[in-house]
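Visitor: quick one, structure for this:
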Amino acid sequence: MKKIISTTDAPAAIGPYSQAVRAGSLVFCAGQVPLDPKTGQIVSEDIVEQTKRVLDSVTAILKAENLTMANVVKTTVFLADFGDFQKMNEVYATYFKDNPPARSTVGVSTLPKNARVEIEAIAFDDGGSSGGKTASDTSG
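Guide: Residues are numbered from 1 along each chain as shown. This next block holds a predicted model:
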């Protein structure tokens, strides 16, 4: 079963996609760019502020499913300038202090709305934080 996840605490989708989708025990968060949820505009040109806004959006989307960043098992970071890697990584580390997820970081030529960073995430709901909404193994 597929469930669409949406929250006003993160920017609305700027295209034909959902903020996140739950499929069984997995939650797939769409790539988030640093848009202010109220104005829909880029929060700042500063990579530190952009990274914080992006990760705050991911946090808000997960919260809508009673999950936290601790549930994240994989992220993909897209950077328009790999020169921003160190500063992005410093901010990222504050959101994933213990047992960080697997991650890929990719340099790209451009991002939506000329953002400097975009991050997508996959979270696993082990049932501990959302009332046991886990998938059952029926492989036998």
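Visitor: centre of the chain to stretch 42-52, how far?
Guide: 15 Å (Cα atoms, centre = their mean, to the nearest Å).
Visitor: quick one: end-to-end distance for it.
Guide: One end of stretch 42-52 sits 12 Å from the other (Cα to Cα, to the nearest Å).
Visitor: what's next to it, contact-wise?
Guide: Residues from elsewhere that reach stretch 42-52 (Cβ atoms under 8 Å, 6 or more residues apart in numbering): 33-36, 53, 81, 84, 87-88, 90-92, 113-117, 119. For the C-beta atoms, the positions are set from N, CA and C on the backbone; glycine is no exception.
Visitor: got the buried residues for that stretch?
Guide: Under the neighbour-count criterion of 16 or more other Cβ atoms under 10 Å, stretch 42-52 has 42-43, 47, 50-52 buried.
Visitor: could you pull up the mean pLDDT of it?
Guide: Across stretch 42-52, the average pLDDT comes to 97.
Visitor: so where do the strands sit in the chain?
Guide: Using DSSP state E, the strands of the chain run over 2-5, 20-23, 26-32, 72-79, 102-107, 117-124.
Visitor: deepest of these, which one?
Guide: Highest mean neighbour count of those: strand 117-124, a mean of 22 (counted as mean count of other Cβ atoms under 10 Å).
Visitor: got the angle for it vs strand 72-79?
Guide: Taking axes from the mean of the first three to the mean of the last three Cα atoms, to 10 degrees, one finds strand 117-124 and strand 72-79 inclined to each other by 170 degrees.
Visitor: what's the angle between strand 117-124 and strand 102-107?
Guide: Here strand 117-124 runs at an angle of 160 degrees relative to strand 102-107 (the same axes, to 10 degrees).
Visitor: tell me which other helices or strands strand 117-124 touches.
Guide: Counting by 3 or more Cβ pairs under 8 Å, 6 or more residues apart in numbering; DSSP states H and E, the packing neighbours recorded for strand 117-124 are strand 26-32, helix 47-63, strand 72-79.
Visitor: can you redo the ones you listed as JSON lines with distance to Gln19?
Guide: Formatted as JSON lines, the helices and strands packed on strand 117-124 follow (distance: least, Cβ to Cβ, whole Å):
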{"stretch": "strand 26-32", "distance to Gln19": "6"}
{"stretch": "helix 47-63", "distance to Gln19": "5"}
{"stretch": "strand 72-79", "distance to Gln19": "15"}
